[in-house]
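1. give me a 3D structure for the following:
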Amino acid sequence: MDTVPQRDRGGVATAEQDLAPWSIAVFARNEASSLGRCFEALAAATAGLRAEVSVVLNGTTDGSDSAAPALMQALGLQGRVWSIPHADKSNAINQYLRRLRPPAGLHVFVDAYAAVAPDALRRLAARLAAEPLAMAAAAVPSAGRSAAALKADMLRYPGLHGSLFALRDGFVQRLVASGLRLPVGLYRGDGLLGSFVMHDLDAAGSPWRSPLVAVVPEATWTLRPLRPWHPADLRRHWRRLVQQGRGRLERGAIRHTIYPGPGGPGGFAALPENADRMILDWLSSTPDAAPDPRRDPFAALALRRLRRAVPPAPAALEPRLVATVGQAGAPVPDAATAVRP
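-> Presented below is the predicted three-dimensional model:
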C-alpha cells in the first residue's frame with residue numbers, strides 16, 4: 001500500500017503503520033463453533049501481510065482453548081492464544097492493551113463470531129493513512145436485518161463497534177501511559193473505548209470530536225444469522241437483550257461519572273474499577289433513573305442481576321498463555337506487571 005509519511009497524533013508515522021506488523025486481537029467467549037469461520041476470514045484478509053493474531057478467551061468452557069491453536073496452525077495464522085477465567089470482554093481488552101499486545105503499527109479488534117471481509121483490514125489501514133487526524137477506524141456490518149440501520153447510524157454518529165475496528169499504535173501507547181482502563185464488567189466497553197478516542201483521552205477538557213474516529217463503509221464484516229428454532233441461539237438472543245438493557249444503564253452511569261457537574265469533577269480518571277459499582281452509585285444518587293420494569297423490563301432484569309453479582313477475584317482476571325503458534329513476537333507487558341505463561 002502506498003502512503004505518504006505523515007505524523008499521527010500518537011507520534012507514529014503513517015508509513016510505519018504499513019511497514020510494522022499488524023496485531024489482530026480476537027475476543028471470544030464460548031465461540032468454538034465460530035472460530036473456524038472467523039479465522040478463515042482473517043487468513044484471507046491478512047494474506048501477504050505481516051500480522052500476528054492474539055486470541056483472548058474469557059470465561060470459555062467449550063473447548064476453544066484447544067480448538068483455537070489447531071485452527072490457527074491449519075490456516076497459517078501466527079500468534080498466541082490466551083485464556084482468562086472471568087467472562088468479561090472489557091477486562092480482556094484491558095489485558096490485551098496493557099500486557100498481551102505484541103509490537104505493531106496497527107491494532108485490529110475483532111469479535112470471534114464475526115467474519116471480516118477480505119479487504120476490510122487493508123481498507124481500515126488505508127483510511128488511517130489518508131486521515132492523519134483519525135486515531136481509530138471503524139468497520140460496518142454488511143449483512144443482517146439491522147445492518148443497514150447500524151451502518152447509517154455509525155456514519156451519522158461515528159463510534160466504534162466491537163465486531164471490527166482498528167487503533168493506531170501511537171494512540172494505544174498514549175492510552176496505556178495515561179493509566180486509563182475500562183471498568184471490569186462493562187458491557188459497552190467498545191463504546192467507552194470510542195469515547196476515549198473522541199475526547200482524546202480527556203473527557204473533562206477536550207471536546208467530543210467525531211473526526212478522531214473514521215468510519216469506513218467499505219470495510220465490512222458479517223455475522224452468522226441466529227436460528228430462531230435453535231435453543232442455543234435463543235439463549236444467545238435472550239442474553240443479548242438483557243445485556244442491551246444493561247448497556248442503557250451503563251450509558252447513564254458513564255455520562256454521570258465522566259462529565260463535570262453535580263456528580264463530581266468528571267473526567268475518565270473518575271471511572272471506577274467495577275462497572276456494577278458505577279451503576280449502583282449512579283442510581284443511589286439519581287434514584288429517578290432506575291428502570292421501570294413495565295417500560296424497560298430487560299434493563300430492570302439486568303439491574304436485578306448486577307445487584308446480586310459478586311465481584312470477581314483478582315486471580316480470575318489474570319491471563320494465562322495457552323499456546324504460541326508460529327513465530328509470534330514477544331508481547332508488550334505493562335511495566336508494573338508481567339504475564340507468566
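2. in the chain, where is pLDDT below threshold?
-> By pLDDT under 70, the low-scoring segments of the chain are 1-20, 143-147, 225-230, 233, 262-265, 333-341.
3. in the lengthiest helix in it, which residues are buried?
-> Counting by DSSP state H, the longest helix found in the chain is helix 231-258. Judged by neighbour count using 16 or more other Cβ atoms under 10 Å, the buried positions of helix 231-258 are 242, 245-250, 252-254, 256-258. Using the backbone N, CA and C atoms, a C-beta is placed for each residue, glycine as well.
4. for S33, see how far away the residue nearest to L150 when sequence neighbours are not counted is.
-> Nearest non-adjacent residue to L150, counting by Cβ to Cβ, 6 or more residues apart in numbering: P141, 5.6 Å away. Relative to S33, P141 is positioned 20 Å away (Cβ to Cβ, to the nearest Å).
5. the more surrounded of the two?
-> A count of neighbours by other Cβ atoms under 10 Å puts P141 above the other of P141 and S33, at 20 against 14.
6. F39 is in contact with L75, isn't it?
-> Yes - contact between F39 and L75 holds when scored by Cβ atoms under 8 Å: they sit 5.2 Å apart.
7. comparing these two, which residue is more hemmed in?
-> Using other Cβ under 10 Å as the criterion, F39 and L75 rank with F39 on top: 23 against 17.
8. could you grab the helix/strand/coil label for that one?
-> F39 carries the three-state label helix when classified by DSSP: H, G, I helix; E, B strand; the rest coil.
9. so who does it touch?
-> By Cβ atoms under 8 Å, 6 or more residues apart in numbering, the contact list for F39 reads V53, L71, M72, L75, L77.
10. make sure the last one is actually in contact with A323.
-> This means L77. No - look at L77 against A323 with Cβ under 8 Å: they stay out of range, at 11.8 Å.
11. what strand or helix carries A214?
-> Using DSSP states H and E, A214 maps to strand 213-223.
12. in that strand, which of the residues would be classed as buried?
-> Result for strand 213-223 [16+ other Cβ under 10 Å]: buried residues V213, A214, V215, V216, A219, T220, W221, T222, L223.
13. list the strands paired with that strand, with their directions.
-> Paired neighbours of strand 213-223 in the sheet (DSSP bridges): strand 114-116 (antiparallel), strand 136-141 (parallel).
14. those strands: which one's closest to Q327?
-> Nearest to Q327, of all those, is strand 114-116, at 22.8 Å by Cβ to Cβ.
15. the inter-axis angle of the helix or strand following that closest one versus strand 213-223?
-> Per DSSP H and E, the first helix or strand lying C-terminal to strand 114-116 is helix 120-130. When axes from the mean of the first three to the mean of the last three Cα atoms, to 10 degrees is applied, the directions of helix 120-130 and strand 213-223 differ by 180 degrees.
16. for helix 120-130, packing partners?
-> Applying 3 or more Cβ pairs under 8 Å, 6 or more residues apart in numbering; DSSP states H and E, one finds that helix 120-130 contacts helix 14-19, strand 22-28, helix 32-45, strand 106-111, strand 136-141, strand 164-168, strand 213-223.
17. would you list the strands paired with strand 213-223 in JSON lines and tack on distance to L124?
-> What follows is the strands paired with strand 213-223, written out as JSON lines (distance: least, Cβ to Cβ, whole Å):
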{"stretch": "strand 114-116", "distance to L124": "9"}
{"stretch": "strand 136-141", "distance to L124": "4"}
